[in-house]
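K.L.:
sequence first, then the predicted structure:
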Amino acid sequence: MAPSVSMIHSDSTPQNIMDFVVNKGHGVKGLAELGLKTLPQQYIQPPHERFDHSSDDDDEEQPNINHTIPVIDMSNWDDPKVAEAVCDAARKWGFFQVVNHGVPIHVLQDVKDATRQFFGLPAEEKQKYSKERSVTNNVRFGTSFTPEAEKALEWKDYLSLFFVSDDEAASLWPPVCRNQALEYVKSSEPVVKKLLAILMKGLNVKEIDESKESMLMGSKRINLNYYPKCPNPELTVGVGRHSDVSTLTILLQDEIGGLYVRNTETMKWIHVPPVSGSLVINVGDALQIMSNGNYKSVEHRVVANGSSNRISVPIFVNPRPSDVIGPLPEVLESGEKQIYKNVLYKDYVMHFFSKAHDGKATVEFAKA
């Protein structure tokens, strides 16, 4: 029997909501498709976590150059001006967009189409990949962020795919999106390597040897995110305030928009407008720690949308769980004071996922 709005209403108990959304595999997409007129209580964020558009930095009367993250043309990777722009963006903004990056446009379109196809599957199909039913922790369909730790849920579903090998992906990733997700991961690798080479040179690291490459990009995770249309978007969030735990995040967003980044100088929120064919790059906590704070892992969030469904596809490029990360020796050679201690990356990630999104609080875990 297809779910109906009579099964769930805005004041349903948390148990009913969690059973429908999580246990039965409908996700927040299934909730949205019931035609609810009001947001269920479990998704209503406290006032200080709701997005106030009057506080963002989208002032059309001001010059755009001061109110948006940089868009960098990567046509000529060897141009010193490109390297300078990348390092400047990583130091000041922690975010930038790249165009002419070399990832074929059809690869980007294919993975967006595959994302929509996965979330269009029946609930019982998606449920095969839930925490309780997935045959591996490396493939996970879920909703919100950490529902068991959150006082208010986030309006998002996701499929998270941890890359181990081509063989594992071929056998365990959902067939409807397997090839497209894998192709996106592989096609983005040259971009990641070139960006990291530029960023390391900016830290006086002349060469990325095998051990450094492993620490910078030893593991990868790709998420397919789905943000359904929301009945009261002003009362909830797509994703709450946080910074990523990655080295770098490579984000593909659709044409809807909704990603906001904190301007660390004004503390206002800046919209990251979709640019056709672009990828959004952001510094993660691991790189902030390894750079001793020279590169910024910046707080960001996603707003809920009252008129459109939105998708995004981030690739999180990370150290290996077994790596110990800390400020690179080359960074400290000049006598710079060490801000962060050495931490086991697995411990850092477990700390991040043990709680609800809470802005930049996670990086305090690594403070010296």
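P.N.:
Nice, thanks for sending it over. Note that this is a predicted model, so its numbers are computed, not measured.
K.L.:
got the end-to-end distance for stretch 307-323?
P.N.:
Taking CA to CA, to the nearest Å as the measure, stretch 307-323 stretches 43 Å from start to finish.
K.L.:
ok, now stretch 115-125?
P.N.:
14 Å.
K.L.:
how about that stretch: buried residues?
P.N.:
Buried positions in stretch 115-125, judged by neighbour count with 16 or more other CB atoms under 10 Å: 115, 118, 119, 121. Every C-beta, even on glycine, is put in place using the N, C-alpha and C of the backbone.
K.L.:
again with stretch 81-88
P.N.:
The neighbour-count criterion (16+ other CB under 10 Å) identifies 82, 83, 85, 86, 87 as the buried residues of stretch 81-88.
K.L.:
let's see which of these end up in strands.
P.N.:
When DSSP state E defines the strands, the subset of these inside them is empty.
K.L.:
could you dump those residues to TSV with pLDDT and distance to residue 48?
P.N.:
Compiled in TSV, these are given as follows (pLDDT from 0 to 100; distance: CB to CB, whole Å):
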residue	pLDDT	distance to residue 48
82	97	40
83	96	40
85	97	35
86	98	34
87	97	34
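K.L.:
could you point out the longest helix in this structure?
P.N.:
Identified as the longest helix of the chain according to DSSP state H is helix 178-201.
K.L.:
what sits closest to residue 162 if chain neighbours are left out?
P.N.:
Taking CB to CB, 6 or more residues apart in numbering, and ignoring the residues beside it in sequence, residue 162 has residue 138 as its nearest neighbour in space, at 4.0 Å.
K.L.:
what's the answer for residue 181, then?
P.N.:
residue 222 (5.3 Å).
K.L.:
residues touching that neighbour, list them.
P.N.:
160, 161, 163, 181, 184, 185, 313, 314, 315, 316 (CB atoms under 8 Å, 6 or more residues apart in numbering).
K.L.:
again, only this time at 10 Å
P.N.:
Taking CB atoms under 10 Å, 6 or more residues apart in numbering, we find residue 222 in contact with 111, 159-163, 169, 173, 177, 181-182, 184-185, 188, 250, 252, 313-316.
K.L.:
could you point out which residue ranges in the stretch 1-150 of the chain have low pLDDT?
P.N.:
With pLDDT under 70 as the threshold, the stretch 1-150 of the chain has low-confidence stretches at 1-15, 53-67, 144-150.
K.L.:
remind me what the helix or strand harbouring residue 159 packs against, helices and strands.
P.N.:
Taking DSSP states H and E as the definition, residue 159 sits inside strand 157-163. In this structure, strand 157-163 makes packing contacts with helix 27-32, helix 105-119, strand 139-143, helix 166-172, helix 178-201, strand 219-227, strand 310-318, judged by 3 or more CB pairs under 10 Å, 6 or more residues apart in numbering; DSSP states H and E.
K.L.:
show me which of the buried residues of stretch 115-125 is closest to residue 279.
P.N.:
Distances from residue 279 to these, taken as CB to CB, are shortest for residue 115 (15.2 Å).
K.L.:
burial of the nearest residue to residue 205 once chain neighbours are set aside, as a residue count?
P.N.:
Spatial nearest neighbour of residue 205, excluding adjacent residues (CB to CB, 6+ apart): residue 330 at 4.8 Å. For residue 330, the count of nearby residues is 13 (other CB atoms under 10 Å).
K.L.:
what's the helix or strand for residue 249?
P.N.:
When secondary structure is defined using DSSP H and E, the element that contains residue 249 is strand 248-253.
K.L.:
residues near residue 252, how many?
P.N.:
24.
K.L.:
okay, it and residue 197: tell me how far apart.
P.N.:
22 Å (CB to CB, to the nearest Å).
K.L.:
can you check residue 216 too?
P.N.:
In this structure, residue 216 lies at 10 Å from residue 197, with CB to CB as the measure.
K.L.:
identify the contacts common to the two.
P.N.:
Common neighbours of residue 216 and residue 197, using CB under 10 Å, 6+ apart, are 205, 208.
K.L.:
go ahead and confirm residue 170 touches residue 163.
P.N.:
No. Counting by CB atoms under 10 Å, no contact exists between residue 170 and residue 163, whose distance comes to 11.6 Å.
K.L.:
when these two are compared, which one has more neighbours?
P.N.:
Taking neighbours as other CB under 10 Å, residue 170 and residue 163 compare with residue 163 leading, 18 against 12.
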